[in-house]
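Chemist: I would like the atomic coordinates for the input below:
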Amino acid sequence: MQEIKINVTKNLHRDSIITGFERILFERDCLGNLWIGSWNQSPILYKNDGVEITRYEFPIGIYLASDNPFHSNPDTASFGTSNSVIFFNDDKFFNLPAPKLTNSAPYQILNIGLYTYVIFANTSGRKQIHKWDGTHWETLNSKLEFQNLRNLNQISNNRILVTENNLETAYILNLEGNFISEFSTSGAPMNLKINSDKIFLYSDSKLEVRNKDGELKHILDLYDETMKTYFGSYLEFLDISIDDHSNLTLLLKERNKSPSKKHLLNFNLDTLTLTQHPLYHKITPDLNVLRFEKDNSGYLWFKIFGNHYSESFYIINQELAS
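Modeler: Now for the predicted structure:
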């Protein structure tokens, strides 16, 4: 890996975060830092650790990948660029050599130990998983014929979960890419989030709660008639956040309505009950909310879609909610 020389500016105010373009990178790492960056703007990343905001300005020629791949573990945060992967570690950025592909911009990134697994946005289709072993790239030989890969996530010390964009099947592989098991999902494509013992797969209308072996434990169907009767219309998922072992925060919107009413709800996994979040009434229909994350200081950051394809943030302090 080669270190990237960058300009660093510390102690920025929130208003100094310049976005104004669509497809902003917006992710929370496993340490609670919020990362913000725009792939079609100048090469800049912002890190908000809850105490201060730091800006990292990259040399001209290094741009974030358009699909905004991101992964973090306690040691490093990883980002996709237009032709490879960069790592953030010990306040420095490092660049991996690019593989010999027609399009080497990453689509998904996963770091496990000394290995980096990547689905590249190759022009021949996302049909392979590549692995960097510290010296060179190799292709995992899983003996599965992938058609259009979507998710790549670690579910245990030695297992990876893989899903596709247009296939209602999820695969569990070992670290060498060998097949272990598979399970059927309720739809495709599915978004994916994971905590220490659960897998959360969600589409527009359904949330599946599974254990680490893929066994379905619960399913929340927003198109269920009971849900429609209670909320007055069909709802769709915008985003979910894992609060703790037993609780999720769900961001939902009315289906096929503009402007659409938003619902910010707590979902208790022990009782399977939905209750209004303390900030429920702060999210008005005119806010075109896309996603949300909580920073280390207790603020909720909502990424919103504005005029002329711009994206910005609506920020609320949870402690001041009434």
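Chemist: Residue 11: neighbour count?
Modeler: 10 (other C-beta atoms under 10 Å). C-beta coordinates here come from the backbone N, C-alpha and C atoms, glycine included.
Chemist: Ends of stretch 97-110, what's the gap?
Modeler: 16 Å (C-alpha to C-alpha, to the nearest Å).
Chemist: list the buried ones in that stretch?
Modeler: 99, 101, 104, 105, 106, 107, 108, 109, 110 (16 or more other C-beta atoms under 10 Å).
Chemist: Skipping adjacent residues, who's closest to residue 272 in space?
Modeler: Closest residue in space to residue 272, ignoring its immediate chain neighbours: residue 218 at 6.3 Å, by C-beta to C-beta, 6 or more residues apart in numbering.
Chemist: wait, what's in contact with residue 295?
Modeler: Neighbouring residues of residue 295 by C-beta atoms under 8 Å, 6 or more residues apart in numbering: 28, 32, 34, 48, 50, 301.
Chemist: List just the nearest of the buried residues of stretch 97-110 to residue 175.
Modeler: Nearest to residue 175, judged by C-beta to C-beta, of these is residue 110 at 10.3 Å.
Chemist: check contacts around that closest one.
Modeler: With the criterion set at C-beta under 8 Å, 6+ apart, residue 110 makes contact with 71, 116, 117, 118, 152, 153, 154, 160.
Chemist: Also residue 251?
Modeler: Residues in contact with residue 251 (C-beta under 8 Å, 6+ apart) are 237, 238, 239, 240, 241, 262, 263, 264, 283, 289, 291, 292.
Chemist: and if we set it to 6 Å?
Modeler: With contact set as C-beta atoms under 6 Å, 6 or more residues apart in numbering, residue 251 has these partners: 238, 239, 264, 292.
Chemist: measure it to residue 202 for me?
Modeler: 11 Å (C-beta to C-beta, to the nearest Å).
Chemist: Mind pulling up the pLDDT for the most far-flung residue of the chain relative to its centre?
Modeler: Distance to the chain centre peaks in the chain at residue 229, reaching 31.2 Å (criterion: C-alpha atoms, centre = their mean). pLDDT for residue 229: 92.
Chemist: what helix or strand is it on?
Modeler: Assigned by DSSP states H and E, residue 229 belongs to helix 225-231.
Chemist: Mean pLDDT per helix and strand in this structure: which one sits at the bottom?
Modeler: strand 2-4 (a mean of 84; mean pLDDT, DSSP states H and E).
Chemist: Would you indicate which residues of it are buried?
Modeler: Under 16+ other C-beta under 10 Å, the buried positions of strand 2-4 are residue 4.
Chemist: Which neighbouring elements make contact with that strand?
Modeler: strand 92-95 (3 or more C-beta pairs under 6 Å, 6 or more residues apart in numbering; DSSP states H and E).
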